[in-house]
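Novice: Structure for the following, please:
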Amino acid sequence: MCFTVHIEMERLTSVREALRAYMERLSQVLAEPEVEEIPVEEAVGRVLAEDIKAPIDLPPFDKAVMDGYAVRAQDTFGARPDRPVKLKLVGRALAGHLGPPVGPGECVEVSTGSMLPEGADAVVRYEHARDLGGTIEVLQPVPPGSCVDKAGKDVKAGQVVLERGKSIRVPDMAVMLALGLRTVKVFRKPRVAVVSVGDELVDAGAELEPGSGKVRDVDRPMVMELARELGAEPVDLGILPDDIGAIREAISEALSKCDAVMTIGGASVGKPDLVLEALEGLEGIEVVVRRVSMRPGRPVILALARRKPMICLPGPPVACFLAFQVFARPVLLRLAGIKHGLRALWPAIRTRLARRVPSRVGFTDLVRVRLFLGPDGDVLAEPVAMRGAGVLSSLVKANGILLVPEEMDVLEEGSYVEVIPIGPFELVGGRPGGCGG
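Specialist: Below is the predicted model of the structure:
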């Protein structure tokens, strides 16, 4: 049995150093995810396991990008409104249909997206021509290539259009479909075991007996949904009692079936918090970070067991949510196969503070804020007054998180800051009422 502690337990590790140390260690030990092939239409949110090379040009042919008349550009030279060039209209080429070839002194009517007829090399827009019924008067000259997208202008055959290790977005799916691809190789979704620890916990749907001292476990469903949003496959291990043997046995079994384990609760320095002691009995356990200088969310453990990530999140719901955002998100993206060297950029809103925010030097403060529209229409951020690690309603009232760097002791009212939205998008209105309640 090997038990290694990289960071002294007595010392709080800065958020920046904790992330750096843990992600660096993971990059040294994590195996590449398995690969599976799935339909392109089901690939959004998955991570590419191969480079995508274009089998064809896009567009696959020269096409008109405006409605008008396909012409030989040289036939239009010298045209002007008082001395138009007359061309014979020999047919039409609507999108999806071939038109007749264009010879000297001829033109073919085309619509946007239609294949350029053979012999033509430009399009004269409707507004630059007059239809005389079988004859078209061109009122101004066009150069070769005018209003035409050449074959391969968008994508050339053989070009790498999507790189391995990229998370597939809707536009990426669209370009693969345009290239005629039906299936794509992606990395298998990481299976992440999620378990809560605590004698006081009951399932979220359970009835609470008055005076029992029990609380509903909202952390586990919350963490599972957050993991699912990141493309992971959460595995529910339920609730464990404050029993070292039970915790150790459950984690050991989860490690044999899953790619990572996340425990919730039982990670602080109190006597009933036994997760660290349970970890010590696991084979090959390696604790990289024990506690972090973050408020809320100090009791975070970042470890490795059998070369797999183990993240121990704090039990209070707000601290659990915020610690997941800071530490679990980058780990799950790495497990999903995101290319090494790519860093996730989470959307942030640049805004001004509506109120002063005091902080504590040496700690990264994660401040819950409410974004709202000021009188001039600018987005402002007001701190939610309730800041306890377990005050779940503070997250409900907030719609953004402000990270105050550990070297700052205050952010003054009117300061420009960047706020991370809590959801994928947030709706804002006027100044909220009861923000401090």
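
Novice: going forward, measure contacts and count neighbours with C-alpha atoms only.
Specialist: Will do.

Novice: care to break the chain down by domain?
Specialist: What the record gives for the chain is the domain set 3-34+188-335, 38-58+154-187, 63-149, 349-421, from automatic domain parsing.

Novice: mind giving me TSV with those and columns for distance to Leu427?
Specialist: Formatted as TSV, those follow (distance: least, Cα to Cα, whole Å):
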stretch	distance to Leu427
domain 3-34+188-335	20
domain 38-58+154-187	23
domain 63-149	37
domain 349-421	8
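
Novice: Including distance to Gly430, mean pLDDT and mean neighbour count, could those go into TSV?
Specialist: Shown next, in TSV, are these (distance: least, Cα to Cα, whole Å; pLDDT from 0 to 100; neighbours: other Cα atoms under 10 Å):
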stretch	distance to Gly430	mean pLDDT	mean neighbour count
domain 3-34+188-335	25	90	19
domain 38-58+154-187	33	97	17
domain 63-149	44	96	20
domain 349-421	5	90	18
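
Novice: now Leu333, what's its secondary structure?
Specialist: On the three-state scheme (DSSP: H, G, I helix; E, B strand; the rest coil), Leu333 is labelled helix.

Novice: got the contact list for the nearest residue to it once chain neighbours are set aside?
Specialist: Among residues not flanking Leu333 along the chain, Leu230 sits closest, at 7.1 Å (Cα to Cα, 6 or more residues apart in numbering). For Leu230, the contacting residues are Gly45, Arg329, Leu332, Leu333, by Cα atoms under 8 Å, 6 or more residues apart in numbering.

Novice: 10 Å instead, please
Specialist: By Cα atoms under 10 Å, 6 or more residues apart in numbering, the contact list for Leu230 reads Gly45, Arg46, Lys189, Arg329, Pro330, Leu332, Leu333, Ala336.

Novice: Which helix or which strand is home to the fourth one?
Specialist: Using DSSP states H and E, Arg329 falls within helix 329-335.

Novice: Name the next helix or strand following that helix along the chain.
Specialist: Sequence order places strand 349-353 as the next helix or strand after helix 329-335, per DSSP H and E.

Novice: Mind giving me the packing neighbours of that next one?
Specialist: Packing contacts for strand 349-353, counted by 3 or more Cα pairs under 10 Å, 6 or more residues apart in numbering; DSSP states H and E, involve strand 364-373, strand 379-383, strand 416-421.

Novice: Lys153: which of those is closest?
Specialist: Closest to Lys153 of these is strand 416-421 (Cα to Cα; 37.5 Å).

Novice: quick one: the helices in the protein?
Specialist: Using DSSP state H, the helices of the chain run over residues 15-29, 170-178, 219-229, 244-257, 275-280, 317-323, 329-335, 392-397.
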